[in-house]
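Q: Have a look at this prediction, sequence included:
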Amino acid sequence: GGIITQTPKFLIGQEGQKLTLKCQQNFNHDTMYWYRQDSGKGLRLIYYSITENDLQKGDLSEGYDASREKKSSFSLTVTSAQKNEMAVFLCASSIVGTTNTEVFFGKGTRLTVV
Amino acid sequence: GEKVEQHESTLSVREGDSAVINCTYTDTASSYFPWYKQEAGKSLHFVIDIRSNVDRKQSQRLIVLLDKKAKRFSLHITATQPEDSAIYFCAASQNSNNRIFFGDGTQLVVKP
């Protein structure tokens, strides 16, 4: 089986700071996603990418940049961290086919902005 | 775009009873409906799915029903156990465009 590795696990930043979250997958999946999960809420899609160097905006892309450097990695940048921001960022990947569109998730990066 | 709504934000049942979580979707082009489970402090993992060519699917104690006419689908957990306690997310997607839309989650509590 494969695995999605997110680094770092915990990220503490300062207001206004630019912060980068990394994600690696070894499933050889084409599509990768970044979701934001706020406490007690659902998942909101920030960016996704259907292949290397592709980038598609989700519903929450403002304030973020992303980069799909190669098929196995997808990074997310918080361009200017907001004070008291707290959320979990989940990276995911999937292969889209005729029978299976299962999405696999990483364990998340927990962001706290002080 | 697609909008997936989960009707119950929290659900509490007694161990051994059944739990039902209901979702609706808006896009008639959606054809794949997975469910994910998130245990406390952990990430999401896949539990069961249903495709639009069937209206019922069962995997052990999990049953998924799909009503395409009403654009509604539901997860039934039978003979609930304390380890079923978690947040359950429903989702919908079309195979053709890679986007998967999630509901806001239902916190299921199974009381011993």
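A: Sure, I can see it.
Q: how deep is residue A:62 tucked in, by neighbour count?
A: 8 (other Cβ atoms under 10 Å in any protein chain shown). In this view, the C-beta of every residue, glycine as well, is placed from N, C-alpha and C.
Q: now it, what's its secondary structure?
A: Applying DSSP: H, G, I helix; E, B strand; the rest coil to residue A:62 yields a three-state assignment of coil.
Q: for it, phi and psi?
A: phi -60, psi 130 (degrees, to the nearest 10).
Q: so what pLDDT did it get?
A: Per-residue confidence at residue A:62 stands at 95 (pLDDT).
Q: gap between it and chain B?
A: 17 Å (Cβ to the nearest Cβ, to the nearest Å).
Q: For chain A, what's its nearest residue on chain B.
A: residue B:104 (3.5 Å; Cβ to the nearest Cβ).
Q: pretty sure that residue is touching residue A:41, no?
A: Yes: between residue B:104 and residue A:41 there is a contact under Cβ atoms under 8 Å: 6.1 Å.
Q: Neighbour count: the two, which is higher?
A: Counted by other Cβ under 10 Å, residue B:104 and residue A:41 do not tie: residue B:104 has more neighbours, with 17 against 12.
Q: who touches the more buried one in this structure?
A: Going by Cβ atoms under 8 Å, 6 or more residues apart in numbering or on different chains, residue B:104 touches A:41-42, B:5-6, B:9, B:89.
Q: Ok, residue A:7 next?
A: Contacts of residue A:7 (Cβ under 8 Å, 6+ apart): A:21-23, A:109.
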